[in-house]
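Colleague: Return atomic coordinates for the entry below.
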Amino acid sequence: MTSAVEPVPRWGAFAFPNYRRFWISNVARVFGLQFRFIGTGWLVVSELDRSPIWIGIVGLAVALPTILLSVPAGIISDRYDTKSILVFSQAATAALSFLLAGVILAGAATIEFVIGWSIAVGALAALANPAQQAILPRLIDMRVMPSAVALNSSVWNTMAIIGPAAAGVLIAVVGTGQAFFVTAVGFALSALMVLRLRLEPVPRRPDGESGGMFEGVRFIFRNELFLATIGLSFFTSLFGASYQRLLPIFADDVLDVGSIGFGAMEAAIGVGGFLGTLAILKVGAGRYAGVVMLASAAIFGLFIAAFAGSRIFPLSLTFLFLAGFSSSLYLNLGMTLLQVHVPDALRGRVMAVWSMTWFLSSVGGLPAAGAAELIGTPLAVAIGALSVTGFAACVYLGAGSLRKPVREAAPAAVAAG
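Modeller: As a prediction, the model looks like this:
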């Protein structure tokens, strides 16, 4: 067991061999996911010759089971071994990706098959997401939790830049089916790295000891810090993330910069997010993490509103970069606050609700597109962004626990392997 008087490791979460293995597994998994994101859209529009609306339908086919099954998956994470859950879900996703690649290469892919396949991988994602968060305390000393959360986020920020470019090149060179083999290999490698984690076995918790399926939801609603933090993520995903869905319209109709400009805008968000993650790695969460989280969320809304009003491309890129930076700050801080304060017996269910909010952006994109049709894209994006700022201000005024200094994370015993 790590002593409470020992200094925090210089390399943060990377000081723990189990976390290093887990981080590498995430790199493989997220790299594979980027190929799936790009490959699915290309498959629907190019290979199956469907209209762009079908991309949205396939996206919903993934998101809806993930949203609906997140809470049941949370209780599975609380009652069973999280390592075993991750190995199963990622190996099964690898198998499904190999299947889709084979079907595409055989020329047998149909839109109905792709939708059914998407529902299946969405259900597996629902199973894996709570376990991905619940396993963290078993890998590290809790004092380095801000580092662990930020390093996980860095994988997503980096792969959001590298993955789409690599997927686009591979699809152009060898074809769509071969790109899905990359997804399959990524998930297979991820499962193997998780299998290599050296953890003490966790006994199955009896049903009566771990509570019911909705015990995590009840805990969130009874706890001001959790309700405010998860509520902010919920509100941001549903209303504030609409600008990402509508960026192609800004590129073509508002700023007139074409596909190259669209790529530059995506890159500006990704680079900003990556640097925001580095900031968390450098300074940690801090005692006033709640205040910084809410301030970052409020500033994020202002930057996106400013982007919506800009007609000067370099200025628009600057606003997107700053929005990516601030959003990375408050999402990483929110995750850290939850991980440090959630009871172990409820960790899976609480983090399942948090994970569920990430997928609401797929749902929120539909009303955002409708609002853009009625009042114009810039105004619709500005209203959605400023609503996040307003919500963050309301939370600051109403949630006193987030204005107080945050207690330090308690050290935890880990199997550092």
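
Colleague: For the stretch 151-300 of the chain, which residues score under the pLDDT cut-off?
Modeller: 163-165, 167-168, 201-213, 259, 282-287 (pLDDT under 70).

Colleague: redo that, cut-off 90
Modeller: In the predicted model of the stretch 151-300 of the chain, residues 151-183, 198-294 satisfy pLDDT under 90.

Colleague: Please state the backbone phi and psi of the residue nearest the centre of the chain?
Modeller: Taking CA atoms, centre = their mean, the centroid of the chain lies closest to Trp358, which sits 5.8 Å from it. Trp358 adopts backbone torsions of phi -60, psi -30, taken as degrees, to the nearest 10.

Colleague: check which helix or strand covers Leu86.
Modeller: helix 82-105 (DSSP states H and E).

Colleague: and the helix or strand that comes right after that helix, what other elements does it pack with?
Modeller: Of the helices and strands lying after helix 82-105 in sequence (DSSP H and E), the nearest is helix 111-134. Counting contacts by 3 or more CB pairs under 8 Å, 6 or more residues apart in numbering; DSSP states H and E, helix 111-134 packs against helix 17-42, helix 53-79, helix 82-105, helix 347-358. For the C-beta atoms, the positions are set from N, CA and C on the backbone; glycine is no exception.

Colleague: which of the residues in the very next helix or strand once past helix 111-134 are buried?
Modeller: Where DSSP H and E defines the elements, the next helix or strand beyond helix 111-134 is helix 145-174. Buried positions in helix 145-174, judged by neighbour count with 16 or more other CB atoms under 10 Å: 145-161, 163-164, 166-168, 170-171.

Colleague: For Leu294, what is the enclosing helix or strand?
Modeller: Taking DSSP H and E as the criterion, Leu294 maps to helix 289-309.

Colleague: With Ile280 instead?
Modeller: Per DSSP H and E: Ile280 is located in helix 258-283.

Colleague: on that earlier part again, for the helix holding Leu86, packing partners?
Modeller: For helix 82-105, the packing partners by 3+ CB pairs under 8 Å, 6+ apart are helix 17-42, helix 111-134, helix 176-195.

Colleague: Any regions of the stretch 301-417 of the chain where pLDDT drops low?
Modeller: For the stretch 301-417 of the chain, residues meeting the criterion pLDDT under 90 lie at 327-378, 380-381, 384-385, 387-388, 391-417.

Colleague: can you dump the C-alpha coordinates of stretch 76-89 into PDB?
Modeller: Provided in PDB are the C-alpha atoms of stretch 76-89 (Å, rounded to 0.1, in the frame of the first residue of the first chain):
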ATOM      1  CA  ILE A  76     -22.600  -4.800 -13.900                       C
ATOM      2  CA  SER A  77     -19.400  -2.900 -13.400                       C
ATOM      3  CA  ASP A  78     -20.200  -2.500  -9.700                       C
ATOM      4  CA  ARG A  79     -21.000  -6.200  -9.200                       C
ATOM      5  CA  TYR A  80     -18.400  -7.900 -11.500                       C
ATOM      6  CA  ASP A  81     -14.700  -7.700 -12.300                       C
ATOM      7  CA  THR A  82     -14.100  -4.600 -14.500                       C
ATOM      8  CA  LYS A  83     -11.100  -6.200 -16.100                       C
ATOM      9  CA  SER A  84     -13.100  -9.200 -17.300                       C
ATOM     10  CA  ILE A  85     -15.800  -6.900 -18.600                       C
ATOM     11  CA  LEU A  86     -13.300  -4.800 -20.700                       C
ATOM     12  CA  VAL A  87     -11.600  -7.900 -22.100                       C
ATOM     13  CA  PHE A  88     -15.000  -9.400 -23.200                       C
ATOM     14  CA  SER A  89     -16.500  -6.100 -24.600                       C
END
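
Colleague: Having no further points to raise, I will conclude here.
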